[in-house]
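Trainee: Please find the sequence and the predicted model below.
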Amino acid sequence: MKKLSSSAIAHPNIALIKYWGNKNQVLRIPVNGSISFNLDSLFTKTQVTFISELPSDILFINGHETSGSGLDRVVSFLNFVRELAGKQIFAQVNSENNFPVGTGIASSASAFAALSLAASNAIGLNLSEKELSCLARRGSGSASRSIPEGFVEWFPGETHSDSFAVSIAPSTHWDLVDLVAVVTHEHKKVGSTAGHKLANTSPLQSARVEDTKRRLDIVREAIKYRDFQAMAEMVELDSNMMHAVMMTSSPTLMYWEKSSITIMKNVQKWRASGIPVCYTMDAGPNVHVITTKDYSEEIHQKLSSISGIKKIFTAAVGGKARLIDN
Ligand code: DP6
């Protein structure tokens, strides 16, 4: 029996400037560029084994065999990998996350980044970082940003091969910390893929997209010069703009919970008192509270006293997707 096997690890990332809406939904070519950093303590670990005798792909997530839409998405992705490699062979995929999925921590980002690296390596493709980022994007747009190291920018591009992400600074460049305040463990009702398709139904989307270059420029410069204040204002504005689009889409997407709002208001109050701290939210009710290492314990304590927070994950800036021993 012929077996081709590789394992990889990848981190989720938190977007400082968000990806919301696609020019090409199938290829996941976004309408605007985005900037993020990887989250070091959170990860997906994935082993892919192509086995000649397998009649179809099989997927295990955290030890449980998975079917339905989760499997379908992985099969479509593996079809693309098989096409690239010119090989018709099915795989067993074992994937493990050390954080809850579906609540606003981008599990699809780390999942498809780890899957891209493990699957392409196992099947014998030797892809460059750029090619890996393009490949990961086909599985989940934000996964393109979980391939490179540290702080990352995804250039939207126009075609499959020019829509990819690159590192704009290593993880050691700035000691930011993301405290992820989990307010619910419930699986979100409308995920990102469905959400991207609704973006254009909001009259605010075109204004958000038109202004993105300005926000990207400011955040890129703020990262370069470690200017927290400049970054904070744009990060909060960008998150608010994306959620304004979500709330004004048809049907409306309303991810904020009561405790999400309480956290955001407190964060603004803490920043006004001189602490480098800001918030951002993805397609879920959890709030990512970003600060620096020096203040992370103090902010953790402050967050812990807010009622409604179920759990807080702490993550510094993380590295790139990498192969690990099988
Ligand atoms: C709100 O990458 O999860 O987190 O391409 O359909 O998998 P798909 O969407 P996904 O969208 C992420 C949306 C976001 C913002 C961001 O991470 O940039």
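Mentor: Alright, I've got the coordinates. Residues are numbered from 1 along each chain as shown.

Trainee: Within range of the ligand, give me the residues from the stretch 201-326 of the chain.
Mentor: Residues of the stretch 201-326 of the chain lying close to the ligand by C-beta under 6 Å from any ligand atom are 282-283. C-betas here are computed from N, CA, C, even on glycine.

Trainee: just for this protein, where's the confidence low?
Mentor: The model of the chain has pLDDT under 70 over residues 1, 101-104, 106, 187-188.

Trainee: how does it divide into domains?
Mentor: 3-172, 176-316 (automatic domain parsing).

Trainee: Of the ones you listed, flag the one that's most buried.
Mentor: domain 3-172 (a mean of 21; mean count of other C-beta atoms under 10 Å).

Trainee: Give me the distance between the two termini of it.
Mentor: 38 Å (C-alpha to C-alpha, to the nearest Å).

Trainee: about what we covered before: want to try a markdown table for the domains of the chain, with distance to residue 324 as columns?
Mentor: Formatted as a markdown table, the domains of the chain follow (distance: least, C-beta to C-beta, whole Å):
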| stretch | distance to residue 324 |
| --- | --- |
| domain 3-172 | 5 |
| domain 176-316 | 19 |
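
Trainee: And those domains: which comes nearest residue 326?
Mentor: Closest to residue 326 of the domains of the chain is domain 3-172 (C-beta to C-beta; 4.9 Å).

Trainee: between the domains of the chain, which one is nearest to residue 323?
Mentor: Closest of these to residue 323 is domain 3-172, at 5.2 Å (criterion: C-beta to C-beta).

Trainee: how about that closest one, does it reach the ligand?
Mentor: Yes: using C-beta under 6 Å from any ligand atom, domain 3-172 reaches the ligand at 15, 18-20, 28, 34, 106, 108, 140-142.

Trainee: Show only the entries of the residues you listed found in strands.
Mentor: Counted as lying in strands by DSSP state E, out of the residues of domain 3-172 next to the ligand, are 15, 34.

Trainee: Closest one of the residues of domain 3-172 next to the ligand to residue 41?
Mentor: When the residues of domain 3-172 next to the ligand are compared for distance to residue 41 (C-beta to C-beta), residue 106 wins out at 14.6 Å.

Trainee: can you give me the strands for the stretch 51-200 of the chain?
Mentor: Taking DSSP state E, counting those that start in this stretch as the test, the strands found in the stretch 51-200 of the chain are 58-61, 64-66, 91-97, 151-155, 164-169, 176-182.

Trainee: would you turn the ones you listed into JSON lines with distance to residue 217?
Mentor: Shown next, in JSON lines, are the strands of the stretch 51-200 of the chain (distance: least, C-beta to C-beta, whole Å):
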{"stretch": "strand 58-61", "distance to residue 217": "39"}
{"stretch": "strand 64-66", "distance to residue 217": "41"}
{"stretch": "strand 91-97", "distance to residue 217": "34"}
{"stretch": "strand 151-155", "distance to residue 217": "11"}
{"stretch": "strand 164-169", "distance to residue 217": "12"}
{"stretch": "strand 176-182", "distance to residue 217": "19"}
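
Trainee: Could you name the stretch from the ones you listed that's closest to residue 47?
Mentor: If you check each of these against residue 47 by C-beta to C-beta, strand 91-97 wins as the nearest, at 4.6 Å.

Trainee: And that closest one, what does it pack against?
Mentor: Counting contacts by 3 or more C-beta pairs under 8 Å, 6 or more residues apart in numbering; DSSP states H and E, strand 91-97 is packed against strand 44-51, strand 58-61, helix 68-85, helix 107-122.

Trainee: contacting residues around stretch 116-125?
Mentor: 4-8, 10, 46-50, 77-78, 81-82, 84-85, 87, 89, 91, 93, 127, 132, 135-136, 139, 143, 147, 321-323 (C-beta atoms under 8 Å, 6 or more residues apart in numbering).

Trainee: List the contacts of the nearest residue to residue 146 once chain neighbours are set aside.
Mentor: Nearest non-adjacent residue to residue 146, counting by C-beta to C-beta, 6 or more residues apart in numbering: residue 113, 3.6 Å away. By C-beta under 8 Å, 6+ apart, the contact list for residue 113 reads 8, 10-11, 44, 136, 143-144, 146-147, 321.
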